[in-house]
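J.: structure here, sequence nowhere to be found:
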């Protein structure tokens, strides 16, 4: 799939596209409905389908230093959009110029003149332009005279509540990975490069792959049953600790998965770890032997959970 930069001209073969417009962080059921409508519309009219997202997220621009909250990286979103059937991902660089643009500038200058879009699909609650002054109603009103069509998709409900990124974040922070999985249609996942650590895990019989958490939302600290996609696309299962490792000094925030029946070298390579179930919170043990015994029990419990998936 092609990744486009909003500051660069749109290639001729992608002009006249139907654009799904939103943040789409996590690409949950609600996002999938918006993107699915754009792709169906594009196919019906023989047009390209483009999914647009923002980097940085507007929250990161307006409130720098906010706690990490991302559910997905650009690379993850690109893969998900491709799997959905889109032709390209468009990344809007959210900066001072974009923050200052009026709703009219957005519609005429960005969507029509620059992107050459034929249609736009958003969620009903999408806003745009300076001070979030642009709404679905103004998008239709401003776009119609310019030949820009627009559609809005209503909220998707699941289990009596609207599916939203906020709801998924709450579930992850509570360790409720079953709810997060239902809302996302797949497990919450962290993709990162395996880095060298202090290698304590291998000395106690449980070697781990160490991953920094970056801008990802921090799910509840503790132990999880996980699986992982490795660089060769093979999938392994394991148990992982995410948190600050209170038994060791100094504390260091990491994701540390231990994979069952795996002994390869993953240093410097990207892997994606999927969170299936929360087992317990982080604990500080009285001795290393107690820690080792507990890790063994965690691994056995993780094996049982993963065998049933």
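T.: Happy to help now that I have it. What you see is a predicted model, and the numbers here were worked out from it, not measured in a lab.
J.: mind giving me the domain ranges of the protein?
T.: Domains of the chain are assigned by automatic domain parsing as 2-155, 187-307.
J.: nearest to residue 170, of those?
T.: Each of the domains of the chain was scored for nearness to residue 170 using C-beta to C-beta, and the closest is domain 187-307 (10.1 Å). All C-beta atoms are positioned from the backbone trio N, CA, C, and that covers glycine.
J.: about what we covered before: hey, least reliable of the domains of the chain by pLDDT?
T.: Here the lowest mean pLDDT among the domains of the chain goes to domain 187-307, at a mean of 90.
J.: what about that domain, how long is it end to end?
T.: 16 Å (C-alpha to C-alpha, to the nearest Å).
J.: just say helix, strand or coil for the residue nearest to residue 78 when sequence neighbours are not counted.
T.: Of all residues not flanking residue 78 in the chain, residue 89 sits nearest, at 4.9 Å (C-beta to C-beta, 6 or more residues apart in numbering). Recorded secondary structure, residue 89: strand (DSSP: H, G, I helix; E, B strand; the rest coil).
J.: present the domains of the chain as CSV; the columns should include distance to residue 176 and mean neighbour count.
T.: What follows is the domains of the chain, written out as CSV (distance: least, C-beta to C-beta, whole Å; neighbours: other C-beta atoms under 10 Å):
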stretch, distance to residue 176, mean neighbour count
domain 2-155, 14, 18
domain 187-307, 7, 17
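J.: switch the ones you listed over to TSV; also include distance to residue 164.
T.: Below are those laid out as TSV (distance: least, C-beta to C-beta, whole Å):
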stretch	distance to residue 164
domain 2-155	7
domain 187-307	14
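J.: which of the ones you listed sits closest to residue 173?
T.: Here domain 187-307 is closest among these (C-beta to C-beta), at 5.9 Å.
J.: how far does stretch 3-20 stretch from start to finish?
T.: 14 Å.
J.: SS state for residue 274?
T.: Reduced to three states by three-state DSSP, residue 274 is strand.
J.: who's in contact with it?
T.: For residue 274, the contacting residues are 186-189, 226-229, by C-beta atoms under 8 Å, 6 or more residues apart in numbering.
J.: for residue 194, see how far away the residue nearest to residue 78 is.
T.: Distance, residue 89 to residue 194, by C-beta to C-beta, to the nearest Å: 26 Å.
J.: would you list the contacts of residue 274 in TSV and tack on distance to residue 305 and secondary structure?
T.: Converted to TSV, the contacts of residue 274 look like this (distance: C-beta to C-beta, whole Å; DSSP: H, G, I helix; E, B strand; the rest coil):
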residue	distance to residue 305	secondary structure
186	17	coil
187	12	coil
188	15	coil
189	17	strand
226	10	strand
227	11	strand
228	15	strand
229	18	strand
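J.: closest one to residue 76 out of these, please.
T.: Nearest member of the contacts of residue 274 to residue 76, counting by C-beta to C-beta, is residue 189, at 7.2 Å.
J.: bridging residues for that closest one?
T.: When bridges are taken as DSSP bridges, the partners of residue 189 come out as residue 274.
J.: list the contacts for it?
T.: By C-beta under 8 Å, 6+ apart, residue 189 lies in contact with 76, 272-275.
J.: hmm, 10 Å instead?
T.: Each residue near residue 189 by C-beta atoms under 10 Å, 6 or more residues apart in numbering is listed here: 71-73, 76, 216, 226-229, 271-275.
J.: now it: how far from residue 226?
T.: For residue 189, the distance to residue 226 equals 9 Å [C-beta to C-beta].
J.: which residues do these two both contact?
T.: Common contacts of residue 189 and residue 226 (C-beta under 10 Å, 6+ apart): 273-275.
J.: what sits closest to the residue nearest in space to the middle of the chain if chain neighbours are left out?
T.: Central residue of the chain (C-alpha atoms, centre = their mean): residue 72, 1.8 Å from the mean position. With sequence-adjacent residues excluded and distances taken as C-beta to C-beta, 6+ apart, residue 72 is closest to residue 26, at 5.3 Å.
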